[in-house]
Structures are given as C-alpha cells and as structure tokens.
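[1] Generate a structure from the sequence data that follows.
(chains A and B)
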Amino acid sequence: MRSTKLVEEVTVNLLRTAATTLPDDVLEALRRAEREETSEIARTQLRTVLENVESAERLSLPMCQDTGMPLFFVTGRCLPHLEEGIRRGVSRATAEIPLRPNAVHPLTRHNPGDNLGKGMPFLHYHQTDDDFTEITVMPKGAGSENMTTLAMLTPSQGLKGVKAFVVESVVKAGANPCPPTIVGVGIGGSADEALLLSKQAVLRRLDDENHDPALAALEFDLKDALNLLGIGPMGLGGSTTVLAVKVETAFTHTASLPVGITLQCWAARRASARIAKDGSVTYSREGFL
Amino acid sequence: MKLKTPLSEKDVRDLRLGDDVILDGIIYTGRDEMHMRALEYAHEGRKLPYDLQGGAVFHTGPIMKKDSGKWKVLAAGPTTSSRMNSMEPEFIQHFGVRAIIGKGGMSRPTVQAMERFGCVYLAFTGGAAVLAAEGISDVKGAEWLDLGMPEAMWALEAKGFGPLTVAIDAHGNSLYANLDKKVQENMAQVRKRLGI
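    Numbering: from 1, shown residues only, chains lettered A, B, ... in the order given. I've put the predicted structure just below:
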C-alpha cells in the first residue's frame, strides 16, 4: 500500500506542475515567436499568452480552464498498485488544484466530477530494465485533441503523401487547436500505434534533435513550410503557426503506411518524475534526457 | 474601445474588423449543452433563466470554486466556438444576443446571422484563462448546474474584460474567412518548399 500512497503524491505534484507552469523549452519558443512576429495582432496574441502564463504561475492557478484529459505515460520498473495510485492522485488533484472536471460518459455525457471513469485516466505502460519508474503526465485539452487526424496511406504515396497529409491536417485545424501548435507525427505501426507515436512525439523537448538525420531534416522542413501558411497565433494571421514538428516512426506492414497526427496547443503542458527503487523521487518539468 | 452590456444594435453595427474591445457588464457563459437546452426551451416556448436580449454569450467552460458559499472564477478562457456552428444562427435570431465571445471563429451561416440580426464575434486569446478570470469581478448567478461545471450557464460580471478583437463584424465580414483565402494562396509556396 505504501507505493500506492507514493504514486498518488507524485501524481498530484505532476498534475499541479503541468497545469500551472510551462516547461522552459516551450516558454522559450513562445518568447522567440513574440520577438520575431511582424503582425501586430499576432504579437498581441502571443503577449497575452505570455502574460497569462506568468499570472498562472504566480497565482498557482491552471493556465487554461481546459485542464485536459490526464494522459499518463509510464516506463521502467513495474510498481505494484501503480494504476490505483494514479487514479487516487487524479481525483485528489481535481479537488485540490483544482482541475476542471472534464471526464464524462461518452454517450450519456454524465459527469461524475472527479475526472475518473472507465478507461479514464488513460495509462500507457512500457516496461524496461531500468531500476526506476518514470511517470510522465500530459494534460491534453480538447481544442487541440479534437483536431487529431489519422490517414491509412498506401505505400506508393510515400514521403510526399505524408508531407501532404501533415499540411492538410494543419490547414483543416486552422484556428481551432489554439496555435501556435506542436505537431506530433507518428509514421508506421498499426493505426493505433501511429497515433500513440504522434502523442509521444509531442512529449519531446522542443529544442531536441531527432536521432535520425533524415527525420531531423523532415521535422525542420515541415516546420519551415507550415509557418509559410500564415495561419498564425490563434488563427488570426502571422508567421508562427507551429512551434515545432516532431516525428516518430515504427516498422509497419508491407501493405500499409499509417500516419497519425496529434496537434498540441501552445499550452503544451507536461511533467515527469522518476521514482527510484528506494522510494526517492526526482522531478523534471522539461523531461529527462 | 469600451463597451457595456446590454449592447444596442448601434453599439455592434459601429464595430469594424480588427477593433479592440474591452467589455463591462453581465456576460453569460454557454457552450454545447447550454446551447442545446436553450434551443429546446425556445422550441417548447419556455423562458430561459436569464433574458439574453442585447447580451453577450461567452463560449467557455470555466473552473469555478465555492468559497464560503460564494462562487469564484479561477480560470475561464474561451473554448472552440466552431462546435456551436450548427446552433448559433438560430440562437442569435431567437434570443437577440449581440455579442459572442470565443476563439477560432465561426462558419458562414453564423456570419450571415450576425449580419442579419446585428451581432459581433469577439475573439479572446485561447487558453488565456487566468487573464480572463481577472476580468471577471463577480459571479451573479449559476443556472443549469446539472449539466456540470463547464456546461452550466454562469452569469458573470465583467469588468475590463479583454482585450477582445472584433473577428466577425455585423456587416458580413470575417477575419477567419479572409485568412482562409490567404492560406489557400500561400499553399503554392508551401508545396514548393516541401516538393509536393
């Protein structure tokens, strides 16, 4: 039971950090955008965003009223009662921070008020041989999540098809996902794996570089091209439509080319913690390298 | 410019695309469920808990907290307005709303309803929920709480609420529609950059 209590505590801390503050790499990207934007309306939008983030951190309040769906990504050593600890943490965080009670039954729309329900919160676990357990939370707002896309391309459509689908998805999303966004692209796997990869892609630090040089070039080209669209902050025009593009891949079926796209709003909230074997905890808002 | 609710037809007809607005007075929150129920009431000939004539409806699902029996707004940024696209033209026509506050813009039928009945769309920066809450001085009431905190209809007293941008005016113009055209023009450049 002790590990349940520990995970509950870590979950509350992670959700508070994520809801009320932005990682340094995201803040830096927003500040740079504000300096470089030439459109007056775009600069006003970005200034409002930055002032809002400052106020949220100072008052320890959620920066956005949509505190999202709590998505958990866990890697490393298996901890007993992990899921129960996370569930208790989500419920406590909802009351304490507070988070908006977002979780509802999909058809009746009944809202139990504690962000818990069947399949909620979402938990993805990947076991490794590490001697610690790493928990990352991504509170995912619906404005951007509702713009998620999936394409089952044919192999002959290839890289050009992937690029065209990324552009099409960002154009269709327009102002809705609260740009400037982070574009996560998952290529390969099965349909669900492509979408999972696209989620994991937006968890990467904005200032990191893809370990695969070909993908690093693709990320750079897509970012450059998408910022020529002119959608801009909040879709009111400008040269900052995306803050970053991150691409992840997996082997796929010889007859398939799945592409999943996750858009993350400017409020790209995330926080990570590592729980060591002895129960000691280290936190990182930016994510562990 | 400063405006106070309830708004007159002249107040909103005088506004032009891109104008900055700071709002005072009561504003009502309303998103998916509130729109659905309000239109149900209208079809059944029932009265809403509040008279929305000349009112401003804010597309938001706020985070509220009850402190010693009194509601307080903690965070209340705009939600995606396009989810209300199918309901808004009738809503504007039936209830005489003069301003919709939201983010992301709305589709052609709503732009047309705004032109016909005298209503504007005021954009607030998406996600700027703490700044928005700082522009709310009091919570005047809460109705339809059975819909849940985000979906209920809250009556909020705005004081210096903004900055809001007139993104759809009462003359059939929309910043979003103008921008869509520009984006389509920019596509050639984007395709060339990516070799597609």
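[2] Only C-alpha atoms from now on, for both contacts and neighbour counts.
    Will do.
[3] interface residues of chain B facing chain A?
    Counting by Cα under 8 Å from any Cα of the partner chain, chain B comes close to chain A at B:61-63, B:74-77, B:79-80, B:82, B:103-105, B:125-131, B:148-150, B:175-176, B:179, B:182-183, B:186-187, B:189-191, B:193-196.
[4] Whichever of those residues end up buried, select them in ChimeraX.
    Applying 16 or more other Cα atoms under 10 Å in any protein chain shown to the residues of chain B next to chain A, the buried members can be selected in ChimeraX as follows:
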select /B:61,62,63,74,75,76,77,79,80,82,103,104,105,125,126,127,128,129,130,131,148,149,150,175,176,179,183,186,187,190,191,194
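[5] Which of the residues of chain B next to chain A fall within helices?
    Among the residues of chain B next to chain A, DSSP state H puts B:129-131, B:175-176, B:179, B:182-183, B:186-187, B:189-191, B:193-194 in helices.
[6] Tell me who's in contact with the residue sitting nearest the centre point of chain B.
    When chain B is reduced to its mean C-alpha position, the nearest residue by Cα atoms, centre = their mean turns out to be B:Ile101, at 2.2 Å. Residues touching B:Ile101, when contacts are defined by Cα atoms under 8 Å, 6 or more residues apart in numbering or on different chains, comprise B:56-59, B:78, B:121-124.
[7] Swap in 7 Å and give it another go.
    Shown in contact with B:Ile101 (Cα atoms under 7 Å, 6 or more residues apart in numbering or on different chains): B:57-59, B:121-124.
[8] Remind me which helix or strand A:Glu56 belongs to.
    Check again: residue A:56 is Ala, not Glu. A:Ala56 is located in helix A:40-59, with elements delineated by DSSP states H and E.
[9] Could you check that helix and say which residues are buried?
    Going through helix A:40-59 with 16+ other Cα under 10 Å, the ones that come out buried are A:41-50, A:52-57.
[10] Stretch A:120-140 too?
    A:121-123, A:132-140.
[11] Show me which of those is closest to B:Lys10.
    Distance to B:Lys10, by Cα to Cα, is smallest for A:Lys140 among these, at 40.9 Å.
[12] looking at this, B:Ala170 is in a strand?
    No: secondary structure assignment places B:Ala170 outside any strand; it is coil (DSSP: H, G, I helix; E, B strand; the rest coil).
[13] Looks like it contacts B:Phe117 (just checking).
    No: applying Cα atoms under 7 Å, one finds B:Ala170 not in contact with B:Phe117, separated by 8.0 Å.
[14] residues contacting A:Tyr283?
    For A:Tyr283, the residues meeting the contact criterion (Cα under 7 Å, 6+ apart) are A:272-274.
[15] what about 8 Å?
    By Cα under 8 Å, 6+ apart, A:Tyr283 lies in contact with A:271-274.
[16] of those residues, closest to chain B?
    Here the nearest of the contacts of A:Tyr283 to chain B, counting by Cα to the nearest Cα, is A:Ala271; it sits at 18.5 Å.
[17] Counting neighbours, which bits of stretch B:172-181 end up buried?
    For stretch B:172-181, the neighbour count (16+ other Cα under 10 Å) marks B:172-177, B:179-180 as buried.
[18] what's the answer for stretch B:37-57, then?
    Of the residues in stretch B:37-57, those scored as buried under the neighbour-count criterion (16+ other Cα under 10 Å) are B:38-39, B:42, B:52-57.
[19] Endpoint to endpoint, that stretch covers what distance?
    Separation of the first and last residues of stretch B:37-57 by Cα to Cα, to the nearest Å is 15 Å.
[20] Now do the closest residue in space to B:Glu157 that isn't next to it in sequence, the pLDDT please.
    Sequence neighbours aside, B:Ile26 is the residue nearest to B:Glu157 in space, at 4.5 Å (criterion: Cα to Cα, 6 or more residues apart in numbering or on different chains). B:Ile26 carries a pLDDT score of 98 in this model.
[21] Next, count neighbours for B:Ile26.
    In terms of burial, B:Ile26 registers 21 neighbours under the definition other Cα atoms under 10 Å in any protein chain shown.
[22] Hmm, B:Ala158 and it touching each other?
    Yes: here B:Ile26 reaches B:Ala158: they are 5.9 Å apart, a contact under Cα atoms under 8 Å.
[23] hang on, the earlier thing: how close does the residue nearest to B:Glu157 sit to chain A?
    B:Ile26 sits 20 Å away from chain A, taking Cα to the nearest Cα, to the nearest Å as the criterion.
[24] For the stretch 101-250 of chain A, what lies in contact range of chain B?
    Residues of the stretch 101-250 of chain A lying near chain B (Cα under 8 Å from any Cα): A:101-102, A:111, A:113, A:143, A:160, A:163-164, A:171, A:174-176, A:178, A:221-222, A:225-226, A:228-231, A:234-237.
[25] So how do I select the buried members of those residues in ChimeraX?
    If you want just the buried ones from those in ChimeraX, going by 16+ other Cα under 10 Å, the selection is:
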select /A:101,102,111,113,143,163,164,171,174,175,176,178,222,225,226,228,229,230,231,234,235,236,237
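[26] Show me the residues of the stretch 101-250 of chain A next to chain B that map onto helices.
    Taking DSSP H, the ones among these that sit in helices are A:143, A:160, A:163-164, A:171, A:221-222, A:225-226.
[27] before we move on, back to that, give the residues shared as contacts by B:Ala170 and B:Phe117.
    By Cα under 8 Å, 6+ apart, B:Ala170 and B:Phe117 have no common neighbours.
[28] Compare the two (neighbour count), which wins?
    Between B:Ala170 and B:Phe117, B:Ala170 has the larger neighbour count (other Cα under 10 Å), namely 27 against 18.
[29] where does that one land on pLDDT?
    pLDDT recorded at B:Ala170 is 98.
[30] now do the one 10 residues further on
    We have a pLDDT of 96 for B:Asp180.
[31] Please tell me how far it sits from B:Leu194.
    Distance of B:Asp180 to B:Leu194, given as Cα to Cα: 20 Å.
[32] Could you do B:Ala188 as well?
    B:Ala188 is 10 Å from B:Leu194, where distance means Cα to Cα.
[33] repeat for A:Val12
    43 Å.
[34] cool, and A:Phe72?
    Relative to B:Leu194, A:Phe72 is positioned 34 Å away (criterion: Cα to Cα).
[35] in its sheet, what does the helix or strand of chain B with the lowest mean pLDDT sit against?
    Among the helical and strand segments of chain B, the one scoring lowest on mean pLDDT, DSSP states H and E is strand B:63-67, with a mean of 93. In the sheet, strand B:63-67 lines up against strand B:70-75 (antiparallel) (DSSP bridges).
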